[in-house]
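> Got a sequence here, can you build the structure:
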Amino acid sequence: MEQRKLYRTIENFMHKAPNFETSEELLCYVIEQIINTDSIEITGGRLWKLNSTKTAYFLIEQMGDVQIIDKGYELKIIEFTVFKEVGFRRAYMGLETNKYLQGKGIYNYSAAGIGDRYKIKESENSTNSYYLYNYVMALNGKKLDNDFLNTLNIISVTVSSILKTKKIESKAKENLEELEKASEIQKSILPEHELNFGNYEIFGISIPEKIVGGDFFDYLTTAEDYKMSIAIGDAASKGISAAAQALYVSGALKMGSSYDISMTSLIRKINKLVYNTFPFERFVTLFYCELYNDKRGLCVFVNAGHNNPYQFIKKTGEIFTLGTTGSVLGPSPATEFTTESTNLDIDDVLVLYTDGIVEAADSNFDFYGEERLKELIINHSNLSSKNICTKILDDVQSFNAKGKYSDDKTLVVIKRIK
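All right, here's what the predicted structure looks like:
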């Protein structure tokens with residue numbers, strides 16, 4: 001399951017959830033929904049909570065395909081260093097060594113930290129410290145591998161974000177004056193819509209759903225006139241928090257792209273910055289590409305968990321996607337990223353977009369969808385990049401006009417014209 005779709009699937013549980021009195025009830029509901037969603041491939045789970053002295057985790061609930069552990073069972077931090085690993089990495093998998101748990105048929109474990117994260121001193125006089133989450137979800141999967149670890153990270157980020165959002169909403173409403181100021185700042189850092197570079201014409205636009213949004217795009221030029229970079233990103237949280245994170249990543253890209261470092265090194269550094277700078281419950285998706293002004297129309301890219309862009313091939317009339325080359329930015333500081341490449345021939349079109357395009361919903365809560373977007377790109381590929389962009393946005397806005405759900409919408413259309 002694509003990471004962004006996984007995030008949206010889990011987030012949608014909360015749109016349909018009743019009002020729960022406690023965080024524990026809400027988290028148990030979410031675990032149950034995750035288990036019942038076949039595409040997530042999680043079969044069972046347990047919810048653990050940090051005790052008041054922050055020395056152990058005690059069992060709150062267990063459900064799905066799990067061996068039943070005794071009610072009130074505690075796992076002491078001093079004996080289970082895995083909790084410190086979860087505190088550092090957010091999600092962790094390993095081999096079970098505890099005899100009692102082995103006796104319950106648990107030989108491999110997987111755990112994801114949820115909610116607030118506390119900094120704990122090793123001892124009163126020590127300068128060393130570690131982190132512990134308020135809750136830990138232990139989840140059973142059909143296959144424990146790197147993809148499952150990414151799934152744990154997304155679950156942790158999404159569910160923590162839900163808890164954080166509900167806490168913020170219960171305290172106060174958004175301050176309109178501050179949002180207006182943030183909106184002006186955000187608009188000031190977006191580039192001009194239209195850009196011509198070598199053999200290409202490029203057009204981009206970003207429309208926030210609220211006064212400010214978490215989407216951004218940018219054109220990044222360097223002293224090397226034979227190439228330029230284009231970025232499009234989406235912060236997973238909402239409102240001013242998302243806008244702040246989008247501004248931060250956009251600024252980091254501007255600064256980093258001016259140095260002579262590889263694309264993967266740049267994205268790794270930004271990933272660590274997001275991890276270290278922002279609250280643990282947020283992340284950013286990013287598609288970043290270098291466009292070369294050469295005969296081959298070379299385009300080298302990194303896709304950090306972002307919606308897969310579409311490339312239309314004029315010669316064949318086909319359309320295909322540029323896939324993911326790394327996880328989303330933020331959940332883990334150790335994530336690795338790779339590059340892929342494609343070539344654009346004359347009249348080929350590359351469309352970058354955020355999920356506010358394909359997940360715009362009508363009055364029946366049906367999504368606009370990827371197939372409709374692909375069909376529109378094919379049908380209007382003969383137009384300029386600006387007009388292709390306009391056609392897509394007009395169609396999406398019309399579809400979404402009476403819809404019950406909408407998100408920030410950002411598009412960048414690249415067309416090779418010679």
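> so which strand or helix has the closest residue to residue 37 other than its chain neighbours?
Of all residues not flanking residue 37 in the chain, residue 9 sits nearest, at 6.4 Å (Cβ to Cβ, 6 or more residues apart in numbering). From N, CA and C alone the C-beta is placed, and that goes for glycine too. According to DSSP states H and E, residue 9 maps onto helix 3-16.
> which residues of the stretch 51-200 of the chain score low on pLDDT?
Applying pLDDT under 70 to the stretch 51-200 of the chain picks out residues 165-190.
> all strands for it, in order.
For the stretch 51-200 of the chain, the strands defined by DSSP state E, counting those that start in this stretch occupy 56-64, 74-76, 91-95, 108-121, 129-141, 194-197, 200-207.
> Redo those as JSON lines? Include mean neighbour count and distance to residue 5.
Shown next, in JSON lines, are those (neighbours: other Cβ atoms under 10 Å; distance: least, Cβ to Cβ, whole Å):
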{"stretch": "strand 56-64", "mean neighbour count": "17", "distance to residue 5": "22"}
{"stretch": "strand 74-76", "mean neighbour count": "15", "distance to residue 5": "33"}
{"stretch": "strand 91-95", "mean neighbour count": "17", "distance to residue 5": "18"}
{"stretch": "strand 108-121", "mean neighbour count": "20", "distance to residue 5": "18"}
{"stretch": "strand 129-141", "mean neighbour count": "21", "distance to residue 5": "17"}
{"stretch": "strand 194-197", "mean neighbour count": "15", "distance to residue 5": "31"}
{"stretch": "strand 200-207", "mean neighbour count": "21", "distance to residue 5": "21"}
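> ok, residue 289 - contacts?
When contacts are counted by Cβ atoms under 8 Å, 6 or more residues apart in numbering, residue 289 touches 229, 230, 231, 299, 300, 301, 302.
> Go through the protein and flag its longest helix.
When the chain is parsed with DSSP state H, its longest helix is helix 146-171.
> Make a markdown table from the contacts of residue 289 and add neighbour count and distance to residue 70 to it.
Formatted as a markdown table, the contacts of residue 289 follow (neighbours: other Cβ atoms under 10 Å; distance: Cβ to Cβ, whole Å):
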| residue | neighbour count | distance to residue 70 |
| --- | --- | --- |
| 229 | 21 | 56 |
| 230 | 25 | 56 |
| 231 | 22 | 52 |
| 299 | 24 | 57 |
| 300 | 16 | 55 |
| 301 | 23 | 51 |
| 302 | 23 | 47 |
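> among the residues you listed, which are in helices?
Per DSSP H, those never map to helices.
> with those residues in mind, which one is nearest to residue 267?
Closest to residue 267 out of the contacts of residue 289 is residue 302 (5.1 Å), distances taken as Cβ to Cβ.
> Run through the bridge partners of that closest one.
Per DSSP bridges, the residues bridged to residue 302 are residue 288.
> So which residues of this protein form helices?
Going by DSSP H, the chain shows helices at 3-16, 23-36, 82-89, 99-103, 146-171, 176-189, 239-257, 263-277, 355-358, 370-379, 385-400.
> Determine which of the strands of the stretch 51-200 of the chain approaches residue 287 most closely.
strand 200-207 (12.2 Å).
> for that closest one, packing partners?
Using 3 or more Cβ pairs under 8 Å, 6 or more residues apart in numbering; DSSP states H and E, the elements in contact with strand 200-207 are strand 194-197, strand 215-221, helix 385-400, strand 409-416.
> what lines up beside it in the sheet?
Strand 200-207 has its sheet partners listed here by DSSP bridges as strand 194-197 (antiparallel), strand 409-416 (antiparallel).
> Would you mind listing the outside residues contacting it?
190-191, 193-196, 213, 215-217, 219, 230, 232, 291, 293, 344, 352, 356, 384-386, 388-389, 393, 408-417.
> List buried members of these by neighbour count.
Neighbour-count burial (16 or more other Cβ atoms under 10 Å) is assigned, among the contacts of strand 200-207, to 190-191, 195, 213, 215-217, 219, 230, 232, 291, 344, 352, 356, 385-386, 388-389, 393, 408-416.
> what number of residues lie near residue 97?
For residue 97, the count of nearby residues is 12 (other Cβ atoms under 10 Å).
> need the contact list for the closest residue to residue 367 other than its chain neighbours.
Of all residues not flanking residue 367 in the chain, residue 359 sits nearest, at 5.2 Å (Cβ to Cβ, 6+ apart). If you count contacts by Cβ under 8 Å, 6+ apart, residue 359 has them with 8, 367, 368, 405, 407.
> For residue 359, grab phi and psi.
phi -110, psi 10 (degrees, to the nearest 10).
> and it, how far is that from residue 159?
From residue 359 across to residue 159, the span is 19 Å (Cβ to Cβ, to the nearest Å).
> Show me what the residue nearest to residue 245 when sequence neighbours are not counted is bridged to.
In space, residue 245 comes closest to residue 235 once its chain neighbours are excluded; the distance is 4.1 Å by Cβ to Cβ, 6+ apart. Taking DSSP bridges as the rule, residue 235 bridges to residue 284.
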